[in-house]
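Student: Any chance you can model this:
(chains A and B)
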There are 2 protein chains.
Amino acid sequence: MTTRATSDLLTLFAAAEGGWVSGEAISRSLGVSRTAVWKQVEALRTLGYLVEAAPRKGYRLIARPDLITPEEVRTGLATRRLGQVIEYRPAVGSTNDLAKELARQGAPEGLLVLADQQTAGKGRMGRSWATPPGAAIAMSVVLRPDLPPYLAPRITLAAAVAVAEAVRDATGLAAGIKWPNDVQIGGRKLCGILTEMEAEMDRVAFVVVGIGVNVGLRREQMDPAFRDSATSLALEGASGTRRAALVQAILLRLEQAYDDLLAGRFPHVLDRWRALSVTLGRPVRVLGVDGQVVVEGVAEQVDEEGALLVRDDGGRVHRVFSGEVSLRPA
Amino acid sequence: MTTRATSDLLTLFAAAEGGWVSGEAISRSLGVSRTAVWKQVEALRTLGYLVEAAPRKGYRLIARPDLITPEEVRTGLATRRLGQVIEYRPAVGSTNDLAKELARQGAPEGLLVLADQQTAGKGRMGRSWATPPGAAIAMSVVLRPDLPPYLAPRITLAAAVAVAEAVRDATGLAAGIKWPNDVQIGGRKLCGILTEMEAEMDRVAFVVVGIGVNVGLRREQMDPAFRDSATSLALEGASGTRRAALVQAILLRLEQAYDDLLAGRFPHVLDRWRALSVTLGRPVRVLGVDGQVVVEGVAEQVDEEGALLVRDDGGRVHRVFSGEVSLRPA
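Tutor: Down below sits the predicted model:
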């Protein structure tokens, strides 16, 4: 069974909104025999879809599993460019590494790499990022912006805005952004974004935006070291969130923010970043990769190159390009 | 024959400065039999070295071919880090592409990729770069600086300084720099530098500095489109320049400039860039990748992020990060 036929069948079921679709109608729409229709329904069942069949009525979809397969993500995807080509793996080392490899081989802008599980997921600053199967989103998008490298951090900020807004759209939860691009709920980390690029000194070859979201993770599935500082949508009360729907919402918001950025409307993206920020106006401490304190002060602003402006107690403003921010006890 | 043994033998010949070295002395130094010494001399002859042998005197080196093999480049190399590991290919698509591949696999800082010929050499802005066999240098160096990407263009400026100074050291010719990193003699391009990087948004994973120098190229070996605008050391009168010696000089100057940059002495590198510049103070026109004029005016300065500051006729200063500069007719 081709994934295209699966997508088409799922689209028919989606259009019927839980109602019956006759075998004849399916046969006509897909251009296959009635026997082939039956085989495709069987294939769907194997994937975990609950499909009822009845004589003279046809078929109806009772329940869909929470998959992030290309079929699920394509069905109803509203983007124009992002996610039109999808590379899915049940398990992969790192979606970013696979996306970079495909980008080097010439993958088009908008290529989406999805995995149900990452066995060697990566976070910022050389850290690892856990993606247990069935409970999270691991996605990477290939972008080919016509930007000099020093402006590429704008994409990081745009991605954080996209994820925070998509989480708000899909769940109603009050997601916020910790500089530069952690998405948090109630001070706990819900999502990490790792943006990587290959570039000449004056132009970007490609950027890979990697997004990991904790969707259904229970506390005991988390690394003990992060249990107090991490959260998931399920832990915050949005336990029914379908992963494919959230992937679609993220792609749509990311495409909007990316289009704004390319069209010279980055100030608009930055305004939304500022509105969603949980960092600005707060006393912060910035630590480097080595764990040393880089600067302490008040996070006053984020500038057009993505740097955090921190005013220290002596009144001097520091431009911070890298590091881990924590809120400083007042 | 191991390349290490070849290097050792060449080092002995170099120390003798054209004089005789006894077979016994070689045998002792290399820790091999007299028969093995004879075999190694034969191997050298196969590579193009002219070695005289005489009873009771031993061997002496009469002439060395102009190779850029690891043996030639290692013998007498004065650097501490750059070029300690060398990957040589008689022919390769692009030394930068090979260096990036090796860097992704974990190659150490300082890895040097050398090729006698490039079949798909690359220049800035997506252009091609010709490296015919025997007549040019194609070299790429892997660096792993602890820098945020927006400061990586400093490496490009440092590389231009290194090459211009190395050419001056090795030939006495008055090499100058056209922003950002073309090395020229008398207004004609002698060397192109293509710096590429892989990075997260806030830290560089690695940088590959690719350097192509026209050494022995005759005018008829050049692309007709560039014959008026390009030159070679031979065409400028330095026809005896040994490629390996120039590679050594470039590596030494590059290491010095890179050390300055990492140690917070970038202003010193920038001062040397300015002194070697043929762009500053001149009326210029900057063209983008698409051939459109980005700005016209007077090139006033280069700043700490590598941008060219151009003052247009209305007095406004433009920061140029990318593009091709040409001198504007006054």
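Student: List the residues that contact the residue of the stretch 101-250 of chain A found nearest chain B.
Tutor: Nearest residue of the stretch 101-250 of chain A to chain B, counting by CB to the nearest CB: A:Asp202, 3.5 Å away. All C-beta spots, glycine's among them, are computed from the backbone N, C-alpha and C. By CB atoms under 8 Å, 6 or more residues apart in numbering or on different chains, the residues touching A:Asp202 are A:148-149, B:124, B:153, B:180, B:321-323.
Student: among those residues, which two are most distant?
Tutor: In the contacts of A:Asp202, two members sit farther apart than any others by CB to CB. They are A:Pro149 and B:Gly323, at 14.6 Å.
Student: Those two: which is more packed in?
Tutor: A:Pro149 (27 against 23; other CB atoms under 10 Å in any protein chain shown).
Student: The more buried one contacts A:Thr195, correct?
Tutor: No. Counting by CB atoms under 8 Å, A:Pro149 stays clear of A:Thr195, with 11.7 Å between them.
Student: From the contact counts, what lies against the biggest strand by length in chain A?
Tutor: Scanning chain A for the strand with the most residues, using DSSP state E, yields strand A:188-200. Helices and strands touching strand A:188-200, as assessed by 3 or more CB pairs under 8 Å, 6 or more residues apart in numbering or on different chains; DSSP states H and E, comprise helix A:95-104, helix A:153-171, strand A:182-185, strand A:204-214, strand B:188-200.
Student: tell me the angle it makes with strand A:204-214.
Tutor: 170 degrees (axes from the mean of the first three to the mean of the last three CA atoms, to 10 degrees).
Student: by how many degrees do strand A:188-200 and helix A:95-104 diverge?
Tutor: Going by the same axes, to 10 degrees, strand A:188-200 makes 20 degrees with helix A:95-104.
Student: tell me the mean pLDDT for strand A:188-200?
Tutor: The pLDDT scores in strand A:188-200 average 95.
Student: repeat for stretch A:142-151
Tutor: 93.
Student: got the contact list for it?
Tutor: Counting by CB under 8 Å, 6+ apart, A:99, A:102-103, A:107-113, A:152, A:154-155, A:197, A:199, A:201-209, A:258, A:261-262, A:305, B:149-150, B:152, B:197, B:199, B:305, B:321-322 sit against stretch A:142-151.
Student: now do stretch A:277-296
Tutor: Counting by CB under 8 Å, 6+ apart, A:125-126, A:176-179, A:184, A:187, A:274, A:297-302, A:308, A:310, A:312-313, A:318, A:320, A:322-330, B:203 sit against stretch A:277-296.
Student: which of the residues you listed are buried?
Tutor: A:125, A:176-179, A:184, A:274, A:297-299, A:302, A:308, A:310, A:320, A:322-325, B:203 (16 or more other CB atoms under 10 Å in any protein chain shown).
Student: all helices for chain A, in order.
Tutor: A:3-16, A:23-30, A:34-46, A:70-74, A:95-104, A:153-171, A:243-262, A:266-276 (DSSP state H).
Student: for these, which one sits closest to B:Arg81?
Tutor: Taking those one by one with CB to CB, helix A:95-104 is closest: 27.1 Å.
Student: Could I get the CA-only coordinates of the closest one as PDB?
Tutor: The C-alpha trace of helix A:95-104 is given here as PDB (Å, rounded to 0.1, in the frame of the first residue of the first chain):
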ATOM      1  CA  THR A  95      16.400  14.100  13.200                       C
ATOM      2  CA  ASN A  96      18.700  17.100  12.900                       C
ATOM      3  CA  ASP A  97      21.600  14.900  11.800                       C
ATOM      4  CA  LEU A  98      19.400  13.200   9.200                       C
ATOM      5  CA  ALA A  99      18.000  16.500   8.000                       C
ATOM      6  CA  LYS A 100      21.500  17.900   7.600                       C
ATOM      7  CA  GLU A 101      22.600  14.900   5.600                       C
ATOM      8  CA  LEU A 102      19.600  15.200   3.300                       C
ATOM      9  CA  ALA A 103      20.200  18.900   2.900                       C
ATOM     10  CA  ARG A 104      23.800  18.300   1.900                       C
END
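Student: Without its sequence neighbours, what residue ends up closest to A:Thr95?
Tutor: A:Ser140 (4.0 Å; CB to CB, 6 or more residues apart in numbering or on different chains).
Student: so the one you found makes contact with A:Gly110?
Tutor: No. Counting by CB under 8 Å, A:Ser140 stays clear of A:Gly110, with 11.6 Å between them.
Student: who has more neighbours, the two?
Tutor: Each of A:Ser140 and A:Gly110 has its neighbours counted (other CB under 10 Å); A:Ser140 has more, 28 against 20.
Student: need the contact list for that one.
Tutor: A:Ser140 touches A:95-96, A:98-99, A:112-113, A:208-211, counting by CB under 8 Å, 6+ apart.
Student: Any figure for the gap between the spatially most central residue of chain A and A:Ala115?
Tutor: In chain A, the C-alpha nearest the mean C-alpha coordinate belongs to A:Ile211, at 4.2 Å (CA atoms, centre = their mean). A:Ile211 sits at a distance of 12 Å from A:Ala115 (criterion: CB to CB, to the nearest Å).
Student: Kind regards, and thank you for your time.
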